[in-house]
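Engineer: after the sequence you'll find the predicted model.
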There are 2 protein chains.
Amino acid sequence: MTLPTDAFAFAPGLALTRRLRSTPFTSRVEAAGVRSYTVYNHMLLPTHFRGLEQDYHHLRRAVQVWDVSCERQVELAGPDAARLAQLLTVRDLRTFAVGRCGYAPVVDNDGLLINDPVVLRLANDRFWFSVSDSDVVLWAGGLAAGLGLDVTVHEPDVWPLAVQGPLAEEVVAAVFGEQAREIRFFRFAPLPFRNHQLVVARSGWSAQGGFEIYVDDAALGGELYDALMGAGARYDIGPGCPNLIERIEAGLLTYGTDVTRADTALEAGLDRYCSLDAPIAALGIEALRRQATAGVSRRISGLIIDGDAVTPPRDPWPAHAEGSTAGQITSAAWSPRLATNVAIGMLAIEHVVPGTALTVETTAGTRRGTAVEMPFPGASQR
Amino acid sequence: MTLPTDAFAFAPGLALTRRLRSTPFTSRVEAAGVRSYTVYNHMLLPTHFRGLEQDYHHLRRAVQVWDVSCERQVELAGPDAARLAQLLTVRDLRTFAVGRCGYAPVVDNDGLLINDPVVLRLANDRFWFSVSDSDVVLWAGGLAAGLGLDVTVHEPDVWPLAVQGPLAEEVVAAVFGEQAREIRFFRFAPLPFRNHQLVVARSGWSAQGGFEIYVDDAALGGELYDALMGAGARYDIGPGCPNLIERIEAGLLTYGTDVTRADTALEAGLDRYCSLDAPIAALGIEALRRQATAGVSRRISGLIIDGDAVTPPRDPWPAHAEGSTAGQITSAAWSPRLATNVAIGMLAIEHVVPGTALTVETTAGTRRGTAVEMPFPGASQR
């Protein structure tokens, strides 16, 4: 097998069985030449098509369609849905009107991160938690069962399809009509496609702008994919996926890679999504208030790593400062635009100061690193 | 990339990042030439080494070491551990003395399968649920939080290493001493390795006999792997993994492939692990009692599929009987020993009768199928 030179470390192959769920878009994605997958919420997620750098440049210049079906929805519905939703997240959901969405960290009683979903309020008594890679449906369902709440908790068959890039609005407006342009950032609205109303949100896991379309009818999936590709032809649309380089530059964390169940929401740097001053009954909020008062001992940080292009880390790279452990680097990639390696790591708090010098034990040897703020310069073009 | 002819459908590649966790044995597994992985409980699980058929013959003839670290342990410990454990599973755990392990289905209030773990009773107030592919730690943790139970729920760092095959006992006795031979089926005992006590169980995901060693010290992992390989050299030991052909013949189901959250424990054919007559407070047991009384409308069945070797299904194959839908085939592989394709499917109950003729829409075209009992003849040599 030939290893791409501008991509991830590769395993010999991925054995495909039903357990690694396909999506309504998988046939399109494979016809478009997907070159690698990862597995996310028991589902296939493409990780590159032409190459990390080519995909990166194209995403920043034009527009891409992404199969992000793996962003599974955990639906809470019924009289106690709002109560359960607020127990699950430390973000104040009283500020979420119907039609609003946003990041809302889910933590346990110790403030440790269970998930960093985007929450959509579909109705006063109906929510979707659009989750990263952990079975939130089990956490929410267990809590509801234990508390005897009057709420249904399930994962409906909804497969988000993202349209990302500076020209995304042109494509989505061409397919869904001009009203798509009216949707503000982190807001959503039902829009018609083939006589079917689909939830369309202005959101997505890049800093290039765009939309996420919540497809709730598998039979419509292929048609929508093709319609977007057709309407986007004049905008140089192409297949894509969350891009490692772009998301590091944007400071977007991956749950399971950059932060895990061993980190609190504050250590993960999600402070702005933690409503610590709000009178809400969220699990774990007391633990986070205590930690906020005491101060965190470590936190997520951006870094640059000197030297030529590194291969992205498969396992965390240790970071040192003046000979002692300073933390670990969990994501890294060469940025062709910034002409350096950009990275994300978890560092002891005294090193989370822009300009702090570190040494990083990369797979390619010891390199000099420097803590920097995220997002990286020019990550967003808006 | 060259596609093996006797293996799974393959994706172009698997992008390796921290989120798809490596194990203490990964370096050994890769040095031994693993040719494909799957992802299971957010962790890498090898799926073949030399080829499905070669691995199959070797497993039935000799002995293999398997990295099954992905069988994560969910630990319940504390005053309410036994109460929570019994809430989680419909199997009567009063029959589980310390040192006993066994299958114990975890279901929700509707009897729908959340997981089909092996439960180990480590102490009266301490259990491990050795789980298949879903985050049981979240279900158990949510329940405990909701009920306010006095129990800790977490996933300790324990990486099971299996030794499977007819000569497994020779190898394990050579490494752990003769007392290993005294461990009975689905029993476990602490045995010494390098002055460290490891839980060793006579269990495993094959019908060839063997042991699972619960390694709770990553630094010891490589040493143990090498010690087993060294002691096994005279028995033709080799690297291996759960084998698709062997596990179908044995009637071992894969959660997520053969059965899912949409199936009850009875539809999954796990009747013998459901203590429906016991006075236990398990969640979902009432739903299962009602279903047992009414009778299930569908159930897991074995099948043979005529014709030459099929490529294992990536997505389920529809099955028909007399022109109408009869169910779907979720696992299938060519058995070189039985000289036919062996399969597992979910069929409408009227077709779960040995000898029932079906047609199956395989990737290779329409084939004739026949419902049969599992395990298949000669699956176990004991």
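Structural biologist: Cool, got the structure. In this text, all values refer to a predicted model and were calculated from it rather than measured experimentally.

Engineer: closest residue of the stretch 201-350 of chain A to chain B?
Structural biologist: As assessed by C-beta to the nearest C-beta, chain B sits closest to residue A:256 within the stretch 201-350 of chain A, at 3.4 Å. All C-beta atoms are positioned from the backbone trio N, CA, C, and that covers glycine.

Engineer: so for the residue nearest to that residue when sequence neighbours are not counted, what's the pLDDT?
Structural biologist: Excluding the flanking residues, the one nearest residue A:256 by C-beta to C-beta, 6 or more residues apart in numbering or on different chains is residue B:19, at 3.4 Å. Residue B:19 is assigned 97 on the pLDDT scale.

Engineer: let me see the backbone angles for the closest residue to chain B within chain A.
Structural biologist: Residue nearest to chain B within chain A (C-beta to the nearest C-beta): residue A:146, separated by 1.9 Å. Per-residue torsions, residue A:146: phi -60, psi -40 (degrees, to the nearest 10).

Engineer: show me the contacts for the nearest residue to it once chain neighbours are set aside.
Structural biologist: Computed as C-beta to C-beta, 6+ apart, the closest residue to residue A:146 that is not its neighbour in sequence is residue B:146, at 1.9 Å. Listed by C-beta atoms under 8 Å, 6 or more residues apart in numbering or on different chains, the contact partners of residue B:146 are A:142-148.

Engineer: just give me the residue closest to the centre of chain A.
Structural biologist: Residue closest to the average C-alpha location in chain A (C-alpha atoms, centre = their mean): residue A:205, at 5.0 Å.

Engineer: state the helix or strand in which that one lies.
Structural biologist: Per DSSP states H and E, residue A:205 falls between elements, in no helix or strand.

Engineer: spit out the contact partners of it.
Structural biologist: A:68, A:162, A:164, A:242, A:247, A:252.

Engineer: identify the bridge partners of the second one.
Structural biologist: I take that to be residue A:162. When bridges are called by DSSP bridges, residue A:162 pairs up with residue A:66, residue A:212.

Engineer: so when I look at residue A:283, I'm seeing a strand, right?
Structural biologist: No - counting by DSSP: H, G, I helix; E, B strand; the rest coil, residue A:283 falls outside a strand, being coil.

Engineer: quick one, what contacts it?
Structural biologist: By C-beta under 8 Å, 6+ apart, the residues touching residue A:283 are A:87-88, A:107-109, A:143, B:145.

Engineer: can you count the residues close to the residue of the stretch 201-350 of chain A closest to chain B?
Structural biologist: Per other C-beta atoms under 10 Å in any protein chain shown, the neighbour tally for residue A:256 reads 20.

Engineer: pull out the buried members of the contacts of residue B:146.
Structural biologist: Neighbour counting by 16 or more other C-beta atoms under 10 Å in any protein chain shown classes A:142-147 among the contacts of residue B:146 as buried.

Engineer: which parts of the stretch 51-200 of chain A sit against chain B?
Structural biologist: Contacts of the stretch 51-200 of chain A with chain B, taken as C-beta under 8 Å from any C-beta of the partner chain, map to A:108-109, A:114, A:133-136, A:138-148, A:155.

Engineer: just those residues: which are in helices?
Structural biologist: Counting by DSSP state H, these place A:136, A:138-147 in helices.

Engineer: return the set of residues that bridge with the closest residue to residue A:217 other than its chain neighbours.
Structural biologist: Among residues not flanking residue A:217 along the chain, residue A:196 sits closest, at 6.1 Å (C-beta to C-beta, 6+ apart). Under DSSP bridges, the beta-bridge partners of residue A:196 are residue A:193.

Engineer: against residue B:323, how distant is residue A:196?
Structural biologist: Going from residue A:196 to residue B:323 by C-beta to C-beta, to the nearest Å gives 31 Å.

Engineer: residue A:48 too?
Structural biologist: From residue A:48 to residue B:323 the distance is 44 Å (C-beta to C-beta).

Engineer: same question, residue A:347
Structural biologist: Residue A:347 is 65 Å from residue B:323, where distance means C-beta to C-beta.

Engineer: quick one, which of those two is more surrounded?
Structural biologist: A count of neighbours by other C-beta under 10 Å puts residue A:347 above the other of residue A:347 and residue B:323, at 25 against 7.
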